[in-house]
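**Student:** Can you look at this prediction? I've put the sequence above it.
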Amino acid sequence: KTVLVILSLSLSVVLLYGVSAFSAGFDMDKFVAKFMTADYLAGHKDLFKNRFGSETQELTEEFLASVNSIEGIKESGLIYYHTGHTTASMTKAQYLRFLDPMQMQTLSDKFHALGNEELTSPPIGIYGLDEMPFQYLKFVDGEVDYEELKKGNVIIQLVHEDDYGNPYLERAPYSVGDEVTFTYADEYEYIGDDMDAELVIYKSHEKTYTIGATAVLPGPLTVRRFGGANFAVAPEILKKEAGEKAARMSCLVNMEEGMEDQMETFLERYMENADSDLDFESKKGYSDQFQSFRRMFLLIGSAASLVVAFVGILNFINAIVTGIRARRRETAMLQSIGMTGRQLKEMLVLEGCAYGILAILLSLILSLLMQSLVLGQLEHILWFFTAKWIWSPILWMFLVFLVLGTLIPILAHRTVERKSIVERLREAE
C-alpha cells in the first residue's frame, strides 16, 4: 500500500511538471517570428489568402500617405511584386531543382524530351524590396549590400526554408556568380479559356544580371505561394523593367515602443471606413493567438494533473487514516508506558511527511528523465518549443505534501484520541 501511495503521488507531480514544463517551453518569440517580422504588415486581403497576382490589388497611394502620417512610426517600407510575365533562361537540370513532385507531373512531354543541359525559359517571380524589408533577408550563400543592389547589376536568388530555419539551398537553380538573362514581356495577352489559355507575347526585352547572393525571404513577406524560382531586386530596378506591373504588394511598419495601439486602431478604422479590401497582420495578433493556445493547453493539462493529484491525495489520506486506526493498540501501549501525546503526534507527522518526501524524491528523478528524454527531444520536433527546466511545480507540490503530511496524521489521531488508553487497548483485543 505504501508503494502504491508514493507512486500515485509521484505520478501527479510528474504529470503536473510535464504540463508546466511543456507549457513554459512554448517560445513566443519563435512562434511570432515564424509568422511576422515587422510589427505590422498590411496588404490586399487576397494577399493573405495566397491569391495576390494583379496590379489591381496593390496598395493605394492614399493609404500609404495615411499610414506615414501616424505618430510613433519607427520605420516602414514597401515590398513590390512583379505581376507581369517574366522568364529566366536556365537548363532543364536547373529548372528541375526547385520543382516538387506535384509540379513535375504537370510538365509536358516536350519538356521531358529535353536533355538536362538544354535550355528552357520558365516563368519566375520577382520582388522589389525597400531598404527596411531588405534587412529581413537571411543570406545563406554570399551577401549583397543594399547600395549594390540598387545599381541594378546584381540580383538576389531566393530560396525557402523549413520550419526549423534550414534553407533549401539544394533547390536553388543558380550558383553565386552565375549570369542569368530575364525576358520581360512588355505587351502580351492570354487567348482562350482560363484553363487552356495561350500566352501570346507581342513585345519583350531582355536584361542580364549576376547572381550576387542566395537568401531566404521570410514567408510572411512573400506572396505566400511556393514553387518556382524567385528573385529580389531594388524597387527602382523593378519599376524600370516592369513598369506598372511592379505592384505595391505589402507595407511593413515598426512602431516605437508603447505606440503599437495607434497603428492597430488606425488600420481597423481604415478597413472599416475607407477600404474593405485591405487587411493586416500584427505581432500583437499572433502573440494573442499564442497565449490563447498556451492557456488552452495549460488548462486541459492542469485539469488532468489535478485529477491524478486528487486520486493520489485520497490514497494518501486513506493510507494515513487506516494506518493510524490499525495501530490503535500499538499507540495505546506506547502511551501507557510513558510516551506523551506530543511525542506520538510528532512520530505520526514524521511518518506522514515521509510519504511526501519519498514521493517528491521519486518525482524529481522521473522529472529529470522526462526533461532529458522527452522535453529535450521536442525541440527537434516542435519548431516553436524551447526546453526549460522549472522548479516551481515540484516545489509547490512538496509544500502541499508537507502540509498534508502534518495535518492529516494530527486530525486522524484526534479521532482516535477521543477514547481513553484503556478503551483503545480493550477494542484492540
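**Tutor:** That came in fine, so what should we check first? Numbering: from 1, shown residues only.

**Student:** what packs against the longest helix along the chain?
**Tutor:** The single longest helix within the chain, with elements called by DSSP state H, is helix 283-326. In terms of contacts (3 or more CB pairs under 8 Å, 6 or more residues apart in numbering; DSSP states H and E), helix 283-326 is packed against helix 2-24, helix 28-35, helix 341-370, helix 392-417. The C-beta positions use only the backbone N, C-alpha and C, and glycine is treated the same way.

**Student:** what mean pLDDT would you report for that helix?
**Tutor:** Averaged across helix 283-326, pLDDT comes to 81.

**Student:** That one to helix 341-370, inter-axis angle?
**Tutor:** Taking axes from the mean of the first three to the mean of the last three CA atoms, to 10 degrees, helix 283-326 and helix 341-370 form an angle of 140 degrees between their directions.

**Student:** between helix 283-326 and helix 28-35, how many degrees?
**Tutor:** Going by the same axes, to 10 degrees, helix 283-326 makes 140 degrees with helix 28-35.

**Student:** From the chain's centroid, how far away is helix 283-326?
**Tutor:** Mean-position distance between helix 283-326 and its chain equals 25 Å (CA atoms, centre = their mean, to the nearest Å).

**Student:** Residue 184 touches residue 241, doesn't it?
**Tutor:** Yes: counting by CB atoms under 8 Å, residue 241 is a contact partner of residue 184 at 5.3 Å.

**Student:** Now the common contact residues for these two.
**Tutor:** Shared contacts of residue 184 and residue 241 (CB atoms under 8 Å, 6 or more residues apart in numbering): 205, 207.

**Student:** Now do residue 367 against residue 157, distance only.
**Tutor:** To residue 157, residue 367 is 47 Å away according to CB to CB, to the nearest Å.

**Student:** before we move on, what about residue 263?
**Tutor:** 33 Å.

**Student:** Which stretches in the stretch 151-300 of the chain count as helices?
**Tutor:** 235-242, 260-273, 283-326 (DSSP state H, counting those that start in this stretch).

**Student:** What is the burial count for residue 233?
**Tutor:** 27 (other CB atoms under 10 Å).

**Student:** How many residues are close by the closest residue in space to it that isn't next to it in sequence?
**Tutor:** Excluding the flanking residues, the one nearest residue 233 by CB to CB, 6 or more residues apart in numbering is residue 155, at 5.3 Å. Using other CB under 10 Å, residue 155 is surrounded by 23 other residues.

**Student:** before we move on, what about residue 393?
**Tutor:** Applying other CB under 10 Å, we find 22 residues neighbouring residue 393.

**Student:** Would you check how far apart it and residue 302 are?
**Tutor:** Distance from residue 393 to residue 302, by CB to CB: 10 Å.

**Student:** Please enumerate the shared neighbours of the two.
**Tutor:** residue 16.

**Student:** where does the protein dip in pLDDT?
**Tutor:** Flagging of the chain using pLDDT under 70 yields the residue ranges 1, 101, 194-195, 326, 331, 335, 341, 416-429.

**Student:** what about the strand ranked longest in it, distance to the chain center?
**Tutor:** Using DSSP state E, we find that the single longest strand of the chain is strand 198-216. Put simply, strand 198-216 sits 35 Å off its chain's centre (CA atoms, centre = their mean).

**Student:** and if you look at stretch 147-162?
**Tutor:** Offset of stretch 147-162 from its chain centre (CA atoms, centre = their mean): 27 Å.

**Student:** Check which residues of that stretch are buried.
**Tutor:** Within stretch 147-162, the residues that qualify as buried are 149, 152, 154, 155, 156, 157, 158, 159, 160, 161, counting by 16 or more other CB atoms under 10 Å.

**Student:** Send over it as PDB, restricted to the C-alpha atoms.
**Tutor:** C-alpha atoms of stretch 147-162 as PDB (Å, rounded to 0.1, in the frame of the first residue of the first chain):
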ATOM      1  CA  GLU A 147      23.600  50.100 -52.300                       C
ATOM      2  CA  GLU A 148      25.000  47.400 -54.600                       C
ATOM      3  CA  LEU A 149      21.500  46.000 -55.200                       C
ATOM      4  CA  LYS A 150      20.200  49.500 -56.200                       C
ATOM      5  CA  LYS A 151      22.800  49.700 -59.000                       C
ATOM      6  CA  GLY A 152      20.800  47.000 -60.900                       C
ATOM      7  CA  ASN A 153      23.700  44.700 -62.000                       C
ATOM      8  CA  VAL A 154      23.200  42.000 -59.300                       C
ATOM      9  CA  ILE A 155      20.100  40.300 -58.100                       C
ATOM     10  CA  ILE A 156      19.500  38.000 -55.100                       C
ATOM     11  CA  GLN A 157      18.300  34.500 -55.600                       C
ATOM     12  CA  LEU A 158      15.600  33.500 -53.100                       C
ATOM     13  CA  VAL A 159      15.000  30.100 -51.500                       C
ATOM     14  CA  HIS A 160      12.600  28.800 -48.900                       C
ATOM     15  CA  GLU A 161      13.400  27.300 -45.600                       C
ATOM     16  CA  ASP A 162      11.800  24.600 -43.400                       C
END
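
**Student:** mind starting the numbering at 561 from now?
**Tutor:** Right, with 561 as the first residue, what we last looked at is stretch 707-722.

**Student:** still on that earlier bit, bridge partners for the residue nearest to residue 793, pull those for me.
**Tutor:** residue 771 (DSSP bridges).
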